[in-house]
Every structure is written in C-alpha cells, then in structure tokens.
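>>> Okay, predicted coordinates and the sequence, questions at the end:
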Amino acid sequence: MATWKVTHPPTSLLLVGQTPKIAKPFAAVLDADAVLVGNDALGDSVLRVADNNLGALLNSATVSRASEVSVEDQIRPLNRITLAYDPNTPLQRNEVEALGVDIEEDYKQGAFLTVKLRPGTQVDQAFVLKLEALTGLVYGSPSFSVNALPPPGRGPLAPPRVALSNTPNDPMRSEQWGLAAIDVETAWNKVQGSNQIVVAVIDTGVDYTHPDLHDNMWQSTAGTFGKNFVDSNDDPMDDAGHGTHVAGIIGAVGNNGVGVAGVNWEVKLMALRWLNRFGQGEILNAVKAIDFAVSNGARIINASWYWYNEEPILDAAIKRANDAGVLFVVAAGNFALWPHNNDGDNDKLDTRGRYPSCLNEPNVVAVGAIREGFARASFSHWGKLTVDLFAPGESIKSTYAQQQYFTDSGTSMAAPYVSGALALVMAHPTHANAGHLLIKDLVLDNVNKRAEYTDRCRSEGTLSLAFLQ
C-alpha cells in the first residue's frame, strides 16, 4: 500500500440524500477502500491506499489533488473525530463505542460528541460505513490539528526585539502608521473606549502580564483572564506572540507612557487560547472558545486565523454568536501570492484560506489588509462578495509575548483594527444602545471609499473612523 496526501474540493460536506453525513476525507476512504491516517500541517488528509485502488482514489469526486508521500514525511495522526447529532435524537453510546472509539465529551451546546480512537482502530471502509449508519448522526468529521495562522504570521516565540521604554506617552505611537490611516485621532477627541465593551481574542492566548495590556484585560469572577482550550485550563498565557500582537492593536492602554496605543485606550480583552505556540489547533476548540466568549459577555470576537475547509460545527457556533448579538471579525487570508490560488480571490470556491471569512452570516466581518499609502498588501485576499473592507495590515507595530513589542504583517493584523474600531463605535455615547448589525453597518457605510477597491470588497473602501465625532 502507498501513502497519499489528498486535497479535497471546496466545502467539506458530502451530501447523502439531503443530509450532510460525512466529511470528504471519510468519503474518499469509501471510494478507494482506503485508510485515513491523518493530515498534514495545511489540513490535507493523508490516506493509505492499495495500488489496485489508486485509480478509484484519483477519480473520486471527493479529491481535487493528490500526491504520493513517503512514510518519513511529517504526518499528524488522526486520533479524534467529531460527531454532530440532532439534539432531539442523541447518539446511542453503545453504537458509537462499537466503532472502536471512546467518548471524550458530549458538547451539548454545540450538539456534537468528541470521540477518541482506541489503539488499533483503523478509519477504514468498514469503520466509515458503520459511522455513517449511526442513528441520529447529522455529520461526522475527522478532528484534524491544522496550522491555522496563515503566513506571514508568527511561529514560535521570537527573541526580544524592542525594549520597554518609560519616555513620553506611548513612545512608539509614531511608528503606528495604521492609527492615522483609519482616522482614529478624530474619534479620540470624543471617545477613547470603554471598560464595558468586551472583545474576545480567540487566538494563541494573550500575555496578560504585558504592561501595555494588563489594565485592559477582562477578568472572570474567579480572577482568570480567559480560558485555555489547548491545555484545558484557565490560564490563556500566550507563548507564541500572535494573540498578544492582535490584542495590542485592539486595546493596548493608551496615554500611559509605555509602548504603543491601541485603537481603544480602554476596553476589556478576553484571552481565549485555542492555538498552540506553533499556531496549530483543532476546530472543536475554536467552537468552544466562541461559545465561551458569547456566554461571558463578549460583544466582538476577533478571529485572526483561517481553516482549511468548511466545518458545520464552526458555522453553527458563528450563527449562535449572531443570535446573541456578537460580531465575528475574521482575517480574509494571506495566500494571494501562492501559485494557483486565484490571486487571493475569496469569491472563488477553490481559493485556499478563504474560510471562515467567506461565510455569509450577518455578524461576520471579513477584513483584507492594506499597506501604508492605502494600496492592498500583496499577500492579502480580496473579494467583491466575500470581503467587507480593508484595514492596515503591513508593518504593524504592537505588543508581543514576554512583555515585548514586535512589527508584523498579515490580515491577522488588519482584523483587529476593525475589531477595535467596532468596539470604539460601541463605546460612543450616540451608539451605546445600537444593535451589533447596526454597528457593523455604521463602520461599513463610512469607509474611505477608493477607486481601487470598487471590485475588491463589499464596502469599496478602507476602514475610517472620521465619522465618529
């Protein structure tokens, strides 16, 4: 048998009748009588297939590209599966365990089980057929661990770059070109933020000890700063830097004589860690983080990450957030320069990195990146139908893990500019009682319209807070 890496066509759903039942990696197992081994860093599934079944794999409607890999190549073994069910027809424990799995958790809020493969259990054709036949199953999907931070995001913790300074107020503010680009100083004449507005940073965590962030951190009644879904504890400390960088753009304490200023000088930043220090995570933990944010008073969720394919359990969580009046701000993607990736056009179904920014949920705000001077950053995705607006995202100075500061680039940086802007609008006395969708419309209706963005995003412009007077 040979081992093959497989890229699946757009969306992860395979329609069986009218009901989505299994993800395409499972469907490929059925088509080629293969064994699903795991995945690679970008979410492509890895299957073991007999030579005489290779043609069936390559001709499967569930496969768009395939390449042979050696067993030495880095493969992340599959060990968990999520099973979404109809809340009115819960899955039967005996049927589920008969698959050769143990139930780790019944996540009732999202109506799905997390199950772990027992030693020796293979996800082969027989396994998938039994899975598909489970009474009450709505959707079954492998729980892959994927690199969810698109390049040029940060990897493991970098060494110190800029020392702290106690010289005049926000001494690095002159290096923050993005603040001027969004006309925030006009808004600051009226409002600098509010400690009543909670913004959830769902990311690699946040360095809550950072002197430019600590006073703006959300705290639970128990004194915790959020939640760590990677290690299943209450300590969301950031050991990668990415989440701390995002948090500083939204709400580094302003006018405190230290470092940088956030779009909001005052706000509450909720740290929710679902990605490890390498930017890897399982989507079920992102779902839990979204639900935690909603249940604990967040008004805005910042999601500076992507996922490799559509996942119904994530779609459902974003819908739950919308029902609760919570905005979901997401990075549009950084893969525009990748070969054969449609120049980053998010409107095209086969553009890698477009999900979940492409979702058409009312509360989703998808953000592309600009460079200084308002030109689109070369790496940034765009889309007339699927990207809402553009914001500063190249050479952005902000806070970083281990009480550092760092300059980084990506739509990961553009999204928190918009999250910060939305929070600032919510803090303005005129808009204090406005609903979440009205706040979104206010920001999109007041962009800096520019001819070059007429066919690049819905709003046809870049973020501006000049209207907030």
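All right, it came through fine. Residues are numbered from 1 along each chain as shown.

>>> would you say Ala321 is within a strand?
No - the assignment for Ala321, made by DSSP: H, G, I helix; E, B strand; the rest coil, is helix rather than a strand.

>>> can you tell me how far it sits from Arg277?
26 Å (CB to CB, to the nearest Å). In this view, the C-beta of every residue, glycine as well, is placed from N, C-alpha and C.

>>> What is the burial count for Asp106?
16 (other CB atoms under 10 Å).

>>> More neighbours: which of Ala321 and Arg277?
Applying other CB under 10 Å to Ala321 and Arg277 shows that Ala321 carries more neighbours, namely 24 against 18.

>>> in its sheet, what does the longest strand along the chain sit against?
Longest strand in the chain by number of residues (criterion: DSSP state E): strand 193-203. Its sheet considered, strand 193-203 pairs with strand 266-273 (parallel), strand 300-303 (parallel) by DSSP bridges.

>>> For it, output the C-alpha coordinates as PDB.
The C-alpha trace of strand 193-203 is given here as PDB (Å, rounded to 0.1, in the frame of the first residue of the first chain):
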ATOM      1  CA  GLY A 193     -13.000  53.400  24.600                       C
ATOM      2  CA  SER A 194     -14.900  51.800  27.400                       C
ATOM      3  CA  ASN A 195     -14.300  49.200  30.000                       C
ATOM      4  CA  GLN A 196     -17.900  48.000  29.400                       C
ATOM      5  CA  ILE A 197     -17.000  46.600  26.000                       C
ATOM      6  CA  VAL A 198     -15.600  43.100  25.900                       C
ATOM      7  CA  VAL A 199     -13.600  41.900  22.900                       C
ATOM      8  CA  ALA A 200     -12.700  38.200  22.800                       C
ATOM      9  CA  VAL A 201      -9.300  37.500  21.200                       C
ATOM     10  CA  ILE A 202      -9.600  33.800  20.000                       C
ATOM     11  CA  ASP A 203      -6.000  33.000  19.200                       C
END
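
>>> Would you pull up how far that strand lies from the middle of the chain?
Offset of strand 193-203 from its chain centre (CA atoms, centre = their mean, to the nearest Å): 16 Å.

>>> which residues does Ala317 contact?
Shown in contact with Ala317 (CB atoms under 8 Å, 6 or more residues apart in numbering): Gly110, Ala286, Val287, Ile290, Asp291.

>>> Without its sequence neighbours, what residue ends up closest to the residue positioned nearest the centre of the chain?
Among the residues of the chain, the one closest to the centroid is Trp305, at 3.4 Å (CA atoms, centre = their mean). Closest residue to Trp305 apart from its sequence neighbours, by CB to CB, 6 or more residues apart in numbering: Ala148 at 4.2 Å.

>>> Can you name the residues that contact Asn189?
Gln469.

>>> Likewise for the one 10 residues further on?
The contact partners of Val199, taken as CB under 8 Å, 6+ apart, are 250-251, 267-270, 298-302, 419-420, 423.

>>> Kindly reformat these as JSON lines containing distance to Glu105.
As requested, the contacts of Val199 are arranged in JSON lines below (distance: CB to CB, whole Å):
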{"residue": "Ile250", "distance to Glu105": "31"}
{"residue": "Gly251", "distance to Glu105": "32"}
{"residue": "Val267", "distance to Glu105": "32"}
{"residue": "Lys268", "distance to Glu105": "29"}
{"residue": "Leu269", "distance to Glu105": "28"}
{"residue": "Met270", "distance to Glu105": "22"}
{"residue": "Ala298", "distance to Glu105": "23"}
{"residue": "Arg299", "distance to Glu105": "28"}
{"residue": "Ile300", "distance to Glu105": "27"}
{"residue": "Ile301", "distance to Glu105": "22"}
{"residue": "Asn302", "distance to Glu105": "26"}
{"residue": "Ser419", "distance to Glu105": "29"}
{"residue": "Gly420", "distance to Glu105": "34"}
{"residue": "Ala423", "distance to Glu105": "32"}
